[in-house]
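Peer 1: build me a structure from this.
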Amino acid sequence: MKHLPPLAGATLRGLYAITSESVCRSPDRLVAAAAEALAGGARLIQYRDKWNHGAVRERNAHALRGLCHEFQALMIVNDDPVLAEAVDADGVHLGAADAPLAEARRRLGPRAIIGVSCANSLERARAAQAAGASYVAFGRFFDSGTKPDAPQADLALLQAARAEIRLPICVIGGLLPSNAGPLVAAGADMAAAIEGVFGAPDIEAAAREYSRLFG
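Peer 2: This next block holds a predicted model:
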């Protein structure tokens, strides 16, 4: 399937909502919850699904891609360039143990968005930038229920990255509207959240609180 270029006019800035286990386990809830996040101002949705397989994941990813584009937002697939290609997602997010960036770029094409997790390593961000990443992500900045053992990142790392890295920077890890403000002020382009959005009793309201951090 031919990969389409990222949605015209969409930018790598703002709330980056990442799907949680609870919404991924219910396809109807997944689409509804993502719609609430988008209505609250999420600019990117990452389909992160460690629990479903095969055809279910492809159906979900197709649905999310269409929904995101209705909201003029971007849809990114976690970890899986093959799935991203199959559904014409806007891009893929790669962790340290995932497919090499160069392989994902060959599969998805020069205009695909490819994000790279850099934990708390500025050196990893430098390498990702040199290899052609579209954005880099640092974290965890705060206590995280999703990845409690992830390396600790701090404000000094973000400031050093902002002074050197030319790519958009995403921050992640225990981010809430109440603690993410200083990171945005220090130059973070995107604030990523899983449970802070999809675990909230009012997803749209929670997304709106994050989105306000970006003015």
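Peer 1: give me the low-pLDDT residue ranges for this protein?
Peer 2: Applying pLDDT under 70 to the chain picks out residues 1-10.
Peer 1: tell me where it has strands.
Peer 2: Along the chain, the stretches classed as strands by DSSP state E are 14-18, 44-47, 74-78, 91-94, 113-117, 135-138, 169-171, 190-193.
Peer 1: got a list of contacts for the first one?
Peer 2: When contacts are taken as C-beta atoms under 8 Å, 6 or more residues apart in numbering, the neighbours of strand 14-18 outside the stretch itself are 34, 37, 40-46, 48, 78, 170, 172, 190-194, 197-198, 207, 210-211, 214. Any C-beta I mention is one placed from the backbone N, CA and C, and that applies to glycine too.
Peer 1: what angle separates that strand from strand 74-78?
Peer 2: If you take axes from the mean of the first three to the mean of the last three C-alpha atoms, to 10 degrees, strand 14-18 sits at 40 degrees to strand 74-78.
Peer 1: wait, what's in contact with Glu209?
Peer 2: Counting by C-beta under 8 Å, 6+ apart, the residues that Glu209 touches are Pro177.
Peer 1: how close does it get to Arg140?
Peer 2: 20 Å (C-beta to C-beta, to the nearest Å).
Peer 1: what does Ala104 give?
Peer 2: In terms of C-beta to C-beta, Ala104 sits 23 Å off from Arg140.
Peer 1: who has more neighbours out of those two?
Peer 2: Between Ala104 and Arg140, Ala104 has the larger neighbour count (other C-beta atoms under 10 Å), namely 25 against 21.
Peer 1: is it true that Gly139 touches Ser121?
Peer 2: No. The criterion here is C-beta atoms under 8 Å, and Gly139 misses it with Ser121 at 11.3 Å.
Peer 1: between those two, which one's more packed in?
Peer 2: Shown here are Gly139 and Ser121; by other C-beta under 10 Å, Gly139 has more neighbours (27 against 18).
Peer 1: list phi and psi for that one.
Peer 2: Dihedral pair for Gly139: phi 160, psi 160, per degrees, to the nearest 10.
Peer 1: distance from the chain centre to stretch 152-171, please.
Peer 2: The chain centre lies 16 Å from the centre of stretch 152-171; the measure is C-alpha atoms, centre = their mean, to the nearest Å.
Peer 1: use 342 as the first number from now on
Peer 2: I'll keep to 342 as the first residue from here, and by that count the last item is stretch 493-512.
Peer 1: other residues contacting it?
Peer 2: With C-beta under 8 Å, 6+ apart, stretch 493-512 has contacts from 353-354, 357, 456, 460-461, 463, 466-467, 469-470, 474-482, 514, 521, 523-524, 527-533.
Peer 1: got the end-to-end distance for that stretch?
Peer 2: 12 Å (C-alpha to C-alpha, to the nearest Å).
Peer 1: for stretch 436-444, same thing?
Peer 2: Rule used - C-alpha to C-alpha; the end-to-end distance of stretch 436-444 is 13 Å.
Peer 1: got it, and stretch 402-418?
Peer 2: Here the two ends of stretch 402-418 are set 8 Å apart, with distance taken as C-alpha to C-alpha.
Peer 1: now it, how far from the centre of its chain.
Peer 2: For stretch 402-418 - counting by C-alpha atoms, centre = their mean - the centre lies 12 Å from the chain centre.
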